[in-house]
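Undergrad: need the 3D shape of this:
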Amino acid sequence: QVQLVESGGGLVQAGGSLRLSCAASERTFSNYNVAWFRQAPGKERDFVGAIRWSDSTYYADSVKGRFTISRDNAKNTVYLQMNSLKPEDTAVYYCAAGGSSRYRWQMDYDYWGQGTQVTVSS
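TA: This next block holds a predicted model:
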């Protein structure tokens, strides 16, 4: 059972930056695909981006060019660097890990963190 803990959320002004972290309890974390999803109030949980075990990265069109996912396997941690933040990025951000060959859907992931709130003020 992999436990995931997100951190780094907070309040930031539009145009600012935040870096979220997703720390895992297992050394085998490096073998998993890891994704970030977000859920705004009253909306569905949406895919933000993913990094595969091979370090290939994928992003939603809405964040492409602004957000970057990276991983530090020595620290069992995946990061989401968020730049040029917009009010519409406000949401609870969740990290998820799984071993599926796919990466874009919630069902592709077996383990989830508790989420961290990101609020972007205008």
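Undergrad: relative to residue 97, how far out is the residue lying closest to residue 121 once chain neighbours are set aside?
TA: Of all residues beyond its chain neighbours, the one nearest residue 121 is residue 13 (5.4 Å), with distances taken as CB to CB, 6 or more residues apart in numbering. Glycine gets a C-beta too; all of them are placed from N, C-alpha and C. Per CB to CB, to the nearest Å, residue 13 is found 31 Å from residue 97.
Undergrad: the two: who's more crowded?
TA: Legend: neighbour count by other CB atoms under 10 Å for residue 13 and residue 97, higher for residue 97 (23 against 10).
Undergrad: what pairs with that one across the strands?
TA: Following DSSP bridges, residue 97 is listed with bridge partners residue 34, residue 111.
Undergrad: so it touches residue 111, yeah?
TA: Yes: Residue 97 lies in contact with residue 111 (CB atoms under 8 Å); the separation is 4.6 Å.
Undergrad: okay, and the common contacts of these two?
TA: 2, 4, 32 (CB atoms under 8 Å, 6 or more residues apart in numbering).
Undergrad: buried among these? Need that as a selection in ChimeraX.
TA: Applying 16 or more other CB atoms under 10 Å to these, the buried members can be selected in ChimeraX as follows:
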select :2,4,32
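Undergrad: before I go, just wanted to say thanks for your time.
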